[in-house]
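1. Got a predicted structure plus its sequence, pasted below:
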There are 2 protein chains.
Amino acid sequence: MTITEIAELAGVSKKTVSRYFNHAELLSAETRAKVEAVIADTGFVPNAQARALALQRNFLAALIHDNSDRGVFELVEAGMTEALEGSELALVLQPLPPGDAAARLRSFLDRLRPAGVVLLPPLSEREDLADICAQAQIRCVRLGRVRGENGLACDDRSAMATLVTWLVRIGHSRIGLVGGPESSLTAQQRELGYLDAMADHGLDRGPSLIVSGDNTFESGISAGRLLLEVSPRPTAIVACNDEMANGVLHAAAQAGVSVPGELSVVGFDDTALAARTLPPLTSMHVPWTAIAREAVARIMSGTPQTQTAGGFETDLIIRDSVAPAVTT
Amino acid sequence: MTITEIAELAGVSKKTVSRYFNHAELLSAETRAKVEAVIADTGFVPNAQARALALQRNFLAALIHDNSDRGVFELVEAGMTEALEGSELALVLQPLPPGDAAARLRSFLDRLRPAGVVLLPPLSEREDLADICAQAQIRCVRLGRVRGENGLACDDRSAMATLVTWLVRIGHSRIGLVGGPESSLTAQQRELGYLDAMADHGLDRGPSLIVSGDNTFESGISAGRLLLEVSPRPTAIVACNDEMANGVLHAAAQAGVSVPGELSVVGFDDTALAARTLPPLTSMHVPWTAIAREAVARIMSGTPQTQTAGGFETDLIIRDSVAPAVTT
DNA sequence: TTGTATGCGTTATCAG
DNA sequence: CTGATAACGCATACAA
């Protein structure tokens, strides 16, 4: 079943049928109705491979990641899937190895020619990758990157400040931070937010209270151990993602420190993990799913390069890993 | 840069260059060398869209799932990615809604025409979906399904029996089971394995010790609550997947039952979650990643329908959620 | 507003 | 073993 047969059945030319799919608005209502009837009748679906060849572009949306934050990946994947639902685009996954991410991305784009690409942090922060997309003329959306052409993110800095301020309000003053990788802008923003809030309340934000991890569970454990040995011991620790916060939970358990009794722990992102830890993790919700939906919308709409529109709202999700500090 | 230019540079015809990529063995060593030189020189890569159109098949491997077991999904995705690395195939994701999975799969295959498809349980158990793949002439591998043409799985039944036998050996005799969905063959096999082992040791396997969940965390919590009220209380609970086992951990925490002191908990699959729960979960490792690699190998090799080859070995991973039972 | 001719880059047929 | 020519199914000038 090809466009040609449809054209014959409808008594029009191939091109008219082609137009029906691509520029329906250019057809007279009458012609459109004729074509539409035949298509509905036959259940015809144009061949995607042929379209891809002619358009030099595949009906794919790619999610490019580096496997470094599984929780965020999951949320973004869910959002993209949702937004892609019912569209003609399918979702392709492409992890990029730490070594030659650029080369791999280039060859991926060369081969697949997806309609668009979503870059997850921390890859989204790399200009070289964005440039490669631009060169290949492929729309790209950079998640977790506020400034710049194709960024899409929430305000990590003020979200973190809000979180820390809340901890202060409920009585905490010794608050440790498990930071993300130094190279990550997102992590930097979150750390700045912490510093903002600590400064605002005139609290100690000395280097001993800040330990950097690399967003993994294991680094969360190490960081947790370190922070638990600081004296006087922090009454609260906030981690830059849930995975590391869970690591802190484990470190506390190993050290025999009860959570939230003796220590409050807070995560960030509100990934699926947050509700599943023991105790369930209080975490700052980042609307990754909504962000991903918007990213897909941008890819599909063809809007070449929009600036960040409204900004996405974060939301503190309170679970059981935090308790008011006992004022001593 | 097209096949035509390469042909000119090498002083041969288009078709010869095409043959170099598809049936290199049909070329004379001399001709092959000429073509190879030019290709190496120019770094030419044939256009995938054009090939897709001519071959009626895209360079994609699809992972079809229903979002019901995120842990297994992750492992399989990792295995596929690994196996796909360096090949010309890319990984596409396609969730199928519970409602009209069949129709959605059909239209997906129609549009994408992937080289092959991997069906995750419980979708892999549905004959109608396998039939749709067969109709569309698309290779399909059904994960977690031992018998039949395209199945690829380990022996869930004996793995579970091994697990339960181990619990008995270290002193447990009241052992509860959190089963998977009744409709799932995999879950049935695991439940049978439990029954096998309990019968072998002449232990009570009455219905009060068996509660069915649906593989979700939440159902694990409910099942855990139920089992903790059985009298006499089980000293161990094994769940048919890690997600539910984590639910049991939460139920125990809420009931003030200490793990592993008063209750041992065991998971199944050994997903990423198992190492992250508190306490870390003893779990039966199912080599999903290796299974996924083999699935991709089948898709690429074109072997139409192999039977299960060697069988994949499971392996008990001992962590902290189990302790020997205090003999009373 | 609609149709004609041509191109997209590759593979397959069938002849030499 | 190799090469001319016709598909593959759709989209885009350009003309009508």
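-> Perfect, I can see it now. Numbers count the residues shown, from 1 in each chain, chains lettered A, B, ... in the order given.
2. and the gap between the closest residue to residue A:95 other than its chain neighbours and DNA strand C?
-> Here the nearest residue to residue A:95 in space, its sequence neighbours aside, is residue A:67; by Cβ to Cβ, 6 or more residues apart in numbering or on different chains that works out to 5.4 Å. Heads up, the C-betas are built off the backbone N, CA and C, glycines and all. Separation of residue A:67 from DNA strand C (Cβ to the nearest atom of the strand, to the nearest Å): 31 Å.
3. Tell me the secondary structure at residue A:67.
-> Under DSSP: H, G, I helix; E, B strand; the rest coil, the three-state class of residue A:67 is coil.
4. where's it relative to residue A:273, distance?
-> Here the distance between residue A:67 and residue A:273 works out to 15 Å (Cβ to Cβ, to the nearest Å).
5. Can you report how many residues lie near the residue nearest to residue A:95?
-> Residue A:67 sits with 13 neighbouring residues when counted by other Cβ atoms under 10 Å in any protein chain shown.
6. separation between it and residue A:101?
-> As defined by Cβ to Cβ, residue A:67 lies at a distance of 12 Å from residue A:101.
7. so residue A:94, which of the three states?
-> What three-state DSSP gives for residue A:94 is strand.
8. do the one helix or strand residue A:298 maps to and chain B meet?
-> In this assignment (DSSP states H and E), residue A:298 forms part of helix A:288-301. No - among the residues of helix A:288-301, none lie within reach of chain B under Cβ under 8 Å from any Cβ of the partner chain; the closest is 13.1 Å away.
9. Who are the packing partners of whatever helix or strand comes next after that helix?
-> Past helix A:288-301, further along toward the C-terminus, the next helix or strand under DSSP H and E is strand A:315-317. Based on contacts counted as 3 or more Cβ pairs under 8 Å, 6 or more residues apart in numbering or on different chains; DSSP states H and E, the elements that strand A:315-317 packs against are helix A:156-169, strand A:282-285.
10. What strands flank the last one, and is each parallel or antiparallel?
-> The strands beside strand A:282-285 in its sheet (DSSP bridges) come out as strand A:264-269 (parallel), strand A:315-317 (antiparallel).
11. Looking at these, which is nearest to residue B:316?
-> Distance to residue B:316, taken as Cβ to Cβ, is lowest for strand A:264-269 among these, at 30.9 Å.
12. any idea how far the closest one is from the chain center?
-> Computed by Cα atoms, centre = their mean, to the nearest Å, the chain-centroid distance of strand A:264-269 equals 18 Å.
13. list the contacts for residue A:282?
-> A:264-267, A:316-322 (Cβ atoms under 8 Å, 6 or more residues apart in numbering or on different chains).
14. Please, where are all the strands along the stretch 1-150 of chain A?
-> Along the stretch 1-150 of chain A, the stretches classed as strands by DSSP state E, counting those that start in this stretch are A:60-65, A:90-95, A:116-119, A:139-143.
15. and those as CSV, adding mean neighbour count, mean pLDDT and distance to residue A:5?
-> Conversion of the strands of the stretch 1-150 of chain A to CSV gives the following (neighbours: other Cβ atoms under 10 Å in any protein chain shown; pLDDT from 0 to 100; distance: least, Cβ to Cβ, whole Å):
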stretch, mean neighbour count, mean pLDDT, distance to residue A:5
strand A:60-65, 26, 96, 27
strand A:90-95, 21, 96, 25
strand A:116-119, 27, 96, 32
strand A:139-143, 26, 93, 33
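16. Any chance of JSON lines for these, columns distance to DNA strand D?
-> As requested, the strands of the stretch 1-150 of chain A are exported to JSON lines (distance: least, Cβ to the nearest atom of the strand, whole Å):
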{"stretch": "strand A:60-65", "distance to DNA strand D": "15"}
{"stretch": "strand A:90-95", "distance to DNA strand D": "17"}
{"stretch": "strand A:116-119", "distance to DNA strand D": "17"}
{"stretch": "strand A:139-143", "distance to DNA strand D": "16"}
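17. Kindly reformat those strands as JSON lines containing distance to residue A:26.
-> Converted to JSON lines, those look like this (distance: least, Cβ to Cβ, whole Å):
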{"stretch": "strand A:60-65", "distance to residue A:26": "27"}
{"stretch": "strand A:90-95", "distance to residue A:26": "28"}
{"stretch": "strand A:116-119", "distance to residue A:26": "25"}
{"stretch": "strand A:139-143", "distance to residue A:26": "24"}
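18. DNA strand C: which of the ones you listed is closest?
-> When the strands of the stretch 1-150 of chain A are compared by Cβ to the nearest atom of the strand, strand A:60-65 sits nearest DNA strand C, at 17.4 Å.
19. Within its sheet, name the partner strands of the closest one and how each one runs.
-> strand A:90-95 (parallel), strand A:116-119 (parallel).
20. which residues touch that strand?
-> For strand A:60-65, contacts defined as Cβ under 8 Å, 6+ apart pick out A:73, A:76-77, A:80, A:84, A:89-96, A:105, A:108, A:112, A:114-120, A:123, A:129, A:296, A:299, B:92.
21. Return the nearest residue of the stretch 1-150 of chain A with respect to DNA strand C.
-> For the stretch 1-150 of chain A, Cβ to the nearest atom of the strand, closest residue to DNA strand C: residue A:31, 3.0 Å.
22. Please read off the pLDDT at the residue nearest to residue A:46 when sequence neighbours are not counted from the model.
-> Spatial nearest neighbour of residue A:46, chain neighbours left out: residue A:21 (5.8 Å); criterion: Cβ to Cβ, 6+ apart. pLDDT, residue A:21: 86.
23. What about residue A:21, how many residues nearby?
-> Around residue A:21 sit 15 other residues, with neighbours defined as other Cβ under 10 Å.
24. how about the helices of chain A, start to end?
-> A:3-10, A:14-22, A:29-42, A:48-55, A:70-84, A:101-112, A:127-135, A:156-169, A:185-200, A:217-229, A:242-255, A:288-301 (DSSP state H).
25. Quick check: which ranges of chain A have low pLDDT?
-> A:147, A:302-310, A:327-328 (pLDDT under 70).
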